[in-house]
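>>> got a predicted model here, sequence first, then my questions.
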Amino acid sequence: MSELRRLTREYFSKDTVSVGKDLLGKYLVRKTSEGRMIGKIIEVEIYLGPKDKACHCYNYKKTEKTKVMYMKSGTLYVYYIYGTYFCLNVITEQEGFPCAVFIRNLYPIEGIELMRENRNVKVGKNYKNLVDGPSKLCMAMNITKEQFNGKDSCAKNSELYFTEGEKIDDKKILLGKRIGIDYAEEDKDQLLRFTLDKIKNPNLGFNPSAMTR
């Protein structure tokens with residue numbers, strides 16, 4: 001695959017819902033000394049900062065953990081869950097207004113054997129169980145808090161970043177409730193999980209015509 005154009009700070013500085021929807025079909029790239037891994041983004045969740053009870057920064061809460069969310073757009077927010085696994089987010093909107101897009105699911109495009117080695121699990125049809133979950137994709141692409149939390153994905157030397165990919169029609173996006181946020185009261189019912197419709201997108205793999213050099 002040829003080099004793809006990185007997404008810029010301007011891209012992530014927009015409204016979080018717009019960024020989240022537009023990230024579907026884009027690529028997450030992880031560069032390592034062993035090779036490059038690429039996954040197409042096929043599911044995300046949106047977190048709307050101080051007004052969203054599901055967000056880590058609801059009501060402008062700021063801790064050692066969440067201070068990253070107040071950084072400039074395009075910053076990576078990686079945190080632990082269950083004290084073992086990692087989750088990947090990218091910060092959106094303007095610096096100081098803590099919103100983010102949570103990357104939930106990928107379709108592997110390049111570096112699949114390296115992903116398999118990193119996961120060391122049995123992979124099913126259409127790469128089931130490889131990168132089809134937020135912690136699975138972090139394990140497969142070797143994304144850790146220690147290495148990437150607070151790092152700028154828009155920097156030219158970043159080893160974890162987002163690139164152009166396919167443009168997805170809104171009609172091919174399924175809306176759903178976010179997962180695992182029962183604590184968020186009325187905000188738990190917001191339709192802020194966006195997923196590519198597999199029925200309308202039977203081939204979730206790489207589309208060479210969508211490449212931007």
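Yes, it's here.
>>> contact partners for Tyr77?
By CB atoms under 8 Å, 6 or more residues apart in numbering, the residues touching Tyr77 are Val68, Met69, Leu88, Asn89, Val90, Ile91, Ala100, Asn149, Gly150. C-beta: built from backbone N, CA, C; applies to glycine.
>>> how about 6 Å then?
By CB atoms under 6 Å, 6 or more residues apart in numbering, the residues touching Tyr77 are Val68, Met69, Asn89, Ile91, Ala100.
>>> Arg116 now?
Arg116 neighbours (CB under 6 Å, 6+ apart): none.
>>> how far away from the center of its chain is the host helix or strand of it?
Element membership of Arg116, judged by DSSP states H and E, is helix 112-119. Distance of helix 112-119 from the chain centroid (CA atoms, centre = their mean, to the nearest Å) equals 19 Å.
>>> and the next element down the chain from that helix?
helix 134-140.
>>> pLDDT averaged over that next one - what is it?
Regarding helix 134-140, the rounded mean pLDDT is 97.
>>> show me where pLDDT drops low in this structure?
Within the chain, the segments meeting pLDDT under 70 span 1-3, 199-213.
>>> strands along that one, start to end?
Counting by DSSP state E, the chain has strands at residues 27-32, 35-47, 76-81, 85-92, 99-110, 160-163, 173-176, 193-196.
>>> CSV for these, including distance to Val123?
Below are those laid out as CSV (distance: least, CB to CB, whole Å):
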stretch, distance to Val123
strand 27-32, 18
strand 35-47, 14
strand 76-81, 22
strand 85-92, 18
strand 99-110, 9
strand 160-163, 22
strand 173-176, 24
strand 193-196, 20
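>>> of the ones you listed, which is nearest Glu186?
strand 35-47 (15.2 Å; CB to CB).
>>> any idea how far the closest one is from the chain center?
That offset, for strand 35-47, works out to 5 Å (CA atoms, centre = their mean).
>>> try stretch 28-37
Counting by CA atoms, centre = their mean, stretch 28-37 comes out at 16 Å from the chain centroid.
>>> what does stretch 149-160 give?
The answer for stretch 149-160 is 14 Å, by CA atoms, centre = their mean.
>>> what does stretch 97-107 give?
4 Å.
>>> start to end distance for stretch 5-15?
Stretch 5-15 has an end-to-end distance of 21 Å (CA to CA, to the nearest Å).
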